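Peer 1: Build the 3D model from these lines:
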Amino acid sequence: MPDATTAGPTTTDLYEVTMALSYLREGMTRPATFSCFVRELPADRGFLVAAGVEAVLDFLARFRIGPEDVEVFAEAMHRPTTDLAPLLGLRFAGEVRAVPEGRVVLAGEPLLEITAPLPQAQLVESYVLNQLSHQTAIAAKCTRCVLAARGRPVVDFSLRRAHGVEAGLRTARLAAMAGFAGTSNVAAAHAERLPAVGTMAHSYVEAFEDEEAAFSAFARAHPGPVTFLVDTYDVDSGVAAAARVLHALHRTEGPRSGWTAVTWRSWRCGPGRCWTARSCRACGSWPAAGWTSSRWTTWCGPGRRSTSSRWAPGSGSAPTRRTSIRRTSSWCTTGGR
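Peer 2: Numbering: from 1, shown residues only. Predicted coordinates for the structure are as follows:
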């Protein structure tokens, strides 16, 4: 199965191919503009953070329909390859305008706009929406986590729950763009030059006779700064065991609590003393939440107009290469013959 770095023209929905073939046979190859934007957002989630543009640009740069692609299309459509001859050799030769990755985007403001001959713009739609929808959702969610933490470091530990290895790698990159302090994903840390973070799991503590034995063994294996997981059995006893080990070793590092214990202690301590539970609710991470592309994301094609009258992205970082921003009051223009 192709991933984002190897995906080609066949990584698309079939109806994009059927439409493009019809356009070509009808001679409808004049430029058309397609815009991707979000029609509306929930009242308590009034912004998104643009992401996925880099992946889209890489895809468009290598987009070309070869003989093997035509064969795949013909098989899917139960047609002879000769019927799909007009598609052979088609490349993307259009123009892309996009918000730089890391910038804030509001409802009605296009994240990305493509102007290209109508069949080309149609064929790339599915991949563009796939990359923008997923990565923008993750980047916006990570940004809300950073805001909810109010200056406290936040790290990415998503690999075990991400929807595939590629999603885990992309999440680490997007989290760093949003302001996360590090990632547990070693491959992502190496590829993106991010700090790698990690301590121990509950299974490690359970492998020893008691917490103190586990902490002592861990400290012996890691002579540098260490962090202990103190909520495997009981938080108070875990903290006491960690303190005894650190004192005996003349170390000054501290304990770490897992999600369950921190949440419990945050309720016990009350407002102003512990922040984790309130932060989870504030950023929508408890339970996990996000926005669904099928509800809000719109790929506005020829003959349709958006309601946006401005493009005013907020401050951000990591401007995207090969992109530019054009201010306009009309984001969708007509295309046709």
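
Peer 1: Does residue 17 touch residue 123 like I think?
Peer 2: Yes. Using CB atoms under 8 Å, residue 17 is in contact with residue 123, at 7.0 Å. Where you see a C-beta, it was placed from the backbone N, CA and C, and this is true even at glycine.

Peer 1: Report the set of residues contacting both of the two.
Peer 2: Residues touching both residue 17 and residue 123 by CB atoms under 8 Å, 6 or more residues apart in numbering: none at all.

Peer 1: so residue 36 touches residue 111, yeah?
Peer 2: Yes. Contact criterion CB under 8 Å: residue 36 and residue 111 qualify, at 5.2 Å.

Peer 1: Next, show the common contact partners of these two.
Peer 2: With CB under 8 Å, 6+ apart as the test, residue 36 and residue 111 both reach residue 132.

Peer 1: any idea how far the residue lying closest to residue 171 once chain neighbours are set aside lies from residue 203?
Peer 2: Nearest in space to residue 171, with sequence neighbours left out and distances taken as CB to CB, 6 or more residues apart in numbering, is residue 158 at 4.6 Å. Residue 158 sits at a distance of 19 Å from residue 203 (criterion: CB to CB, to the nearest Å).

Peer 1: Neighbour count for the two, which is higher?
Peer 2: residue 158 (22 against 8; other CB atoms under 10 Å).

Peer 1: got the contact list for that one?
Peer 2: Here residue 158 is in contact with 168, 171-172, 175, 185 (CB under 8 Å, 6+ apart).

Peer 1: Mind listing residues that contact stretch 175-191?
Peer 2: So stretch 175-191 is contacted by 49, 51, 101-102, 138-139, 142-143, 145-146, 153-159, 168-169, 172-173, 192, 194-198, 317-318 (CB under 8 Å, 6+ apart).

Peer 1: from the chain's centre, how far out does that stretch sit?
Peer 2: Centre-to-centre, stretch 175-191 and its host chain are 12 Å apart (CA atoms, centre = their mean, to the nearest Å).

Peer 1: so where does the spatially closest residue to residue 88 that is not a sequence neighbour fall, helix or strand?
Peer 2: The shortest distance from residue 88 to any non-neighbouring residue, by CB to CB, 6+ apart, is to residue 70 (5.3 Å). Using DSSP states H and E, residue 70 falls within helix 67-77.

Peer 1: Residues contacting that helix, please?
Peer 2: 8-10, 14, 17-18, 80-81, 83-85, 87-88.

Peer 1: buried sites along that helix?
Peer 2: 69-70, 72-74 (16 or more other CB atoms under 10 Å).

Peer 1: same question, stretch 146-166
Peer 2: Those would be 146, 148-149, 154-159, 162, for stretch 146-166 by 16+ other CB under 10 Å.

Peer 1: Pick out whichever of the residues you listed sits closest to residue 28.
Peer 2: Nearest to residue 28 among these, counting by CB to CB, is residue 162 at 40.2 Å.

Peer 1: Return the distance of the closest one relative to residue 174.
Peer 2: 11 Å.

Peer 1: Would you mind listing the two of the buried residues of helix 67-77 that lie farthest apart?
Peer 2: 69 and 74 (9.7 Å).

Peer 1: hmm, back to that, out of the contacts of stretch 175-191, which end up buried?
Peer 2: 49, 51, 101-102, 138-139, 142-143, 145-146, 154-159, 168-169, 172-173, 194, 197.

Peer 1: Which of these fall within helices?
Peer 2: Counting by DSSP state H, the part of the buried ones among the contacts of stretch 175-191 found in helices is 138-139, 142-143, 145-146, 168-169, 172-173.

Peer 1: could those go into JSON lines alongside distance to residue 224?
Peer 2: Shown next, in JSON lines, are those (distance: CB to CB, whole Å):
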{"residue": "138", "distance to residue 224": "32"}
{"residue": "139", "distance to residue 224": "32"}
{"residue": "142", "distance to residue 224": "28"}
{"residue": "143", "distance to residue 224": "31"}
{"residue": "145", "distance to residue 224": "27"}
{"residue": "146", "distance to residue 224": "27"}
{"residue": "168", "distance to residue 224": "26"}
{"residue": "169", "distance to residue 224": "27"}
{"residue": "172", "distance to residue 224": "23"}
{"residue": "173", "distance to residue 224": "27"}
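
Peer 1: can those go into JSON lines with extra columns for pLDDT and distance to residue 249?
Peer 2: Shown next, in JSON lines, are those (pLDDT from 0 to 100; distance: CB to CB, whole Å):
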{"residue": "138", "pLDDT": "95", "distance to residue 249": "40"}
{"residue": "139", "pLDDT": "96", "distance to residue 249": "41"}
{"residue": "142", "pLDDT": "95", "distance to residue 249": "36"}
{"residue": "143", "pLDDT": "95", "distance to residue 249": "39"}
{"residue": "145", "pLDDT": "95", "distance to residue 249": "34"}
{"residue": "146", "pLDDT": "95", "distance to residue 249": "34"}
{"residue": "168", "pLDDT": "93", "distance to residue 249": "34"}
{"residue": "169", "pLDDT": "93", "distance to residue 249": "36"}
{"residue": "172", "pLDDT": "94", "distance to residue 249": "32"}
{"residue": "173", "pLDDT": "95", "distance to residue 249": "37"}
